[in-house]
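Engineer: Next one to model:
(4 chains)
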Protein chains: 2
Amino acid sequence: MSLKHAILILLENEPGSGYDLFKRFKTSLGYFWNAKHQQVYLELKKLSEAGWLEFEQQSQDERPDKKVYRVTTAGHRELQDWLKTPCKPNKINDTLLVKLFGGRFTEPESLVAEMKRHRATHTTTLSQLRAIEQTYLNLPADQQAHYRLPYLTLRRGILGEEAWLAWADEVDSALATPPLP
Amino acid sequence: MSLKHAILILLENEPGSGYDLFKRFKTSLGYFWNAKHQQVYLELKKLSEAGWLEFEQQSQDERPDKKVYRVTTAGHRELQDWLKTPCKPNKINDTLLVKLFGGRFTEPESLVAEMKRHRATHTTTLSQLRAIEQTYLNLPADQQAHYRLPYLTLRRGILGEEAWLAWADEVDSALATPPLP
DNA sequence: TGACCCATGTAAGGGGTTACATGATTTG
DNA sequence: CAAATCATGTAACCCCTTACATGGGTCA
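Structural biologist: Now for the predicted structure:
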């Protein structure tokens, strides 16, 4: 599982608390790796026990105390090993496609409505990703060079969402056409 | 979770054994919903206990006995309810993207090699899907009408894989270009 | 003879979700 | 005044994966 390694990567970029990580998941990595806060905290505990992370308790005025985690040398080594190890192709488990596959057992209207809902989320995701892309493209060349690999993951998101929407067009026009005259 | 409902759909199409279902997962539904045989058997047990399936023991000569499952009226009702209930957008957890995101902690060669491996699987998947599409397109019109919804899921697979490969081209050319002169 | 197909399971463990729990401060 | 943000966790549960287990038939 790569939640462990996603956390290692985020903390290599910059040390932070569980809450920090949770926020970073929501903005950057979250587009291709989900994590609830509960799981992040749990994983931080495990990674500390494994010796891949260490933390420092910081007391703050006007804010709750927090633990700031950073990657140890053992953690760094683990990350590098993982990066060199081939990973399995992703399995896709897509509920919407299961629904469509069995769509003949319900009214087309339900399917159309469902597609509409999903299209809405994909459209907003795409525009968010495009906005991020714009800020990247406006960076000076050296900054762009630094973020070129994360940028490739962003491109995956954009191309993926565009493909999804192109497919949705096919689906909608198919659903608009009655089966047989 | 929709493994339950995937099984209901497959068994509505045609009753069968756990082993049958496992095979059908590998060929049709498997492109967007994975299932190991262990889980299929487990789920069949649960669905029977819930009263959504019933089964009949069939003894065969020259072959092990098998249980042939079919959907009950309660199961049919459940499926219809599920089809009408909105489902959440899919979460994507993509290990390869995590790797790429943290790629600056390893050599570009590792990334290139990883991309090559993944490209291979996506290429074969795409050609398989295209082959299935061809057989669909060669069906008589009434048969095409019958399978039009599963066909849409196939289209999702094809557009998805094409998009993945287009992205892989971007990645490869980016990785071939050295960061800064 | 070794691999693959048919056919069905149990058991342990890992990973993720949902619910529950607390409590101060800031913003609309 | 309500909602969101900061901050951290526990516990129950569900789903999935991996490993283990069995055993006959077919095909190269």
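Engineer: Every contact and neighbour count from this point should use C-alpha atoms.
Structural biologist: Fine.
Engineer: any idea how far residue B:99 is from residue A:86?
Structural biologist: 10 Å (CA to CA, to the nearest Å).
Engineer: scratch that, residue A:9
Structural biologist: Remark: distance between residue A:9 and residue B:99 (CA to CA) = 9 Å.
Engineer: who has more neighbours, these two?
Structural biologist: Neighbours were counted for residue A:9 and for residue B:99 using other CA atoms under 10 Å in any protein chain shown; residue B:99 has more, 27 against 23.
Engineer: My read is that the more buried one contacts residue A:84, right?
Structural biologist: No: in this structure residue B:99 lies outside contact range of residue A:84 using CA atoms under 8 Å: 9.3 Å.
Engineer: Tell me which residue of chain A lies closest to DNA strand D.
Structural biologist: residue A:66 (3.3 Å; CA to the nearest atom of the strand).
Engineer: Help me confirm that that residue is found in a strand?
Structural biologist: Yes: judged by DSSP: H, G, I helix; E, B strand; the rest coil, residue A:66 forms part of a strand.
Engineer: What residues does chain A have near DNA strand C?
Structural biologist: For chain A, the residues in contact with DNA strand C (CA under 7 Å from any atom of the strand) are A:1-3, A:34-36, A:38-39, A:62-64.
Engineer: Grab the nearest non-local neighbour of residue A:98.
Structural biologist: residue B:6 (6.1 Å; CA to CA, 6 or more residues apart in numbering or on different chains).
Engineer: can you map out the strands along chain A?
Structural biologist: A:53-60, A:63-71 (DSSP state E).
Engineer: mind listing what residue A:45 touches?
Structural biologist: Residue A:45 sits next to no residue when contact means CA atoms under 8 Å, 6 or more residues apart in numbering or on different chains.
Engineer: How about residue A:30?
Structural biologist: Contact analysis of residue A:30 by CA under 8 Å, 6+ apart lists residue A:24.
Engineer: ok, back up a step: what's the neighbour count on the residue nearest to residue A:98?
Structural biologist: 22.
Engineer: Contacts only, for it.
Structural biologist: Per CA under 8 Å, 6+ apart, neighbours of residue B:6: A:98, A:102, B:29.
Engineer: Lowest-confidence entry in these?
Structural biologist: Among these, residue B:29 has the lowest pLDDT, at 91.
Engineer: right, and it touches residue A:100 too?
Structural biologist: No: the criterion here is CA under 8 Å, and residue B:29 misses it with residue A:100 at 10.9 Å.
Engineer: which stretches of chain A form helices?
Structural biologist: Assigned helices in chain A, in chain order: A:3-13, A:18-27, A:37-49, A:73-84, A:95-101, A:108-137, A:141-146, A:148-176 (criterion: DSSP state H).
Engineer: now for the fourth one, which elements pack on it?
Structural biologist: Spelled out, it's helix A:73-84. Contacts defined by 3 or more CA pairs under 8 Å, 6 or more residues apart in numbering or on different chains; DSSP states H and E place helix A:73-84 against helix A:3-13.
Engineer: can you pull the buried residues of the helix it packs on?
Structural biologist: Buried residues in helix A:3-13, counting neighbours by 16 or more other CA atoms under 10 Å in any protein chain shown, are found at A:3, A:5-12.
Engineer: Residue A:56 pairs with what?
Structural biologist: residue A:68 (DSSP bridges).
Engineer: For it, the count of nearby residues, please.
Structural biologist: 12.
Engineer: just checking, it touches residue A:69?
Structural biologist: Yes: the criterion here is CA under 8 Å, and residue A:56 meets it with residue A:69 at 6.6 Å.
Engineer: Pass me the low-pLDDT residue ranges in chain A, would you?
Structural biologist: Scanning chain A for pLDDT under 70 picks out A:61-62, A:179-181.
Engineer: redo that, cut-off 80
Structural biologist: Residues of chain A that meet the criterion pLDDT under 80 lie in A:1, A:60-64, A:178-181.
Engineer: domains in it, as residue ranges please.
Structural biologist: What automatic domain parsing lists as the domains of chain A is A:3-84, A:95-176.
Engineer: Need the distance between the two termini of the last one.
Structural biologist: Using CA to CA, one end of domain A:95-176 lies 22 Å from the other.
Engineer: now it: how far from the chain's centre is it?
Structural biologist: 13 Å (CA atoms, centre = their mean, to the nearest Å).
Engineer: Briefly note if it comes near DNA strand D.
Structural biologist: No: using CA under 7 Å from any atom of the strand, no contact is recorded between domain A:95-176 and DNA strand D, whose separation bottoms out at 9.6 Å.
Engineer: Check the spacing between the residue nearest to residue A:18 when sequence neighbours are not counted and residue A:66 real quick.
Structural biologist: Using CA to CA, 6+ apart and skipping residues adjacent in sequence, the residue nearest residue A:18 is residue A:41, 5.8 Å away. As judged by CA to CA, residue A:41 and residue A:66 stand 12 Å apart.
Engineer: repeat for residue A:167
Structural biologist: Taken as CA to CA, the span from residue A:167 to residue A:66 is 45 Å.
Engineer: if we can go back for a sec, and the residue nearest to residue A:18, how many neighbours?
Structural biologist: 16.
Engineer: and residue A:14, how many neighbours does it have?
Structural biologist: By other CA under 10 Å, the residues close to residue A:14 number 12.
Engineer: Oops, could you answer that again for residue A:139 instead?
Structural biologist: Residue A:139: 12 surrounding residues under other CA under 10 Å.
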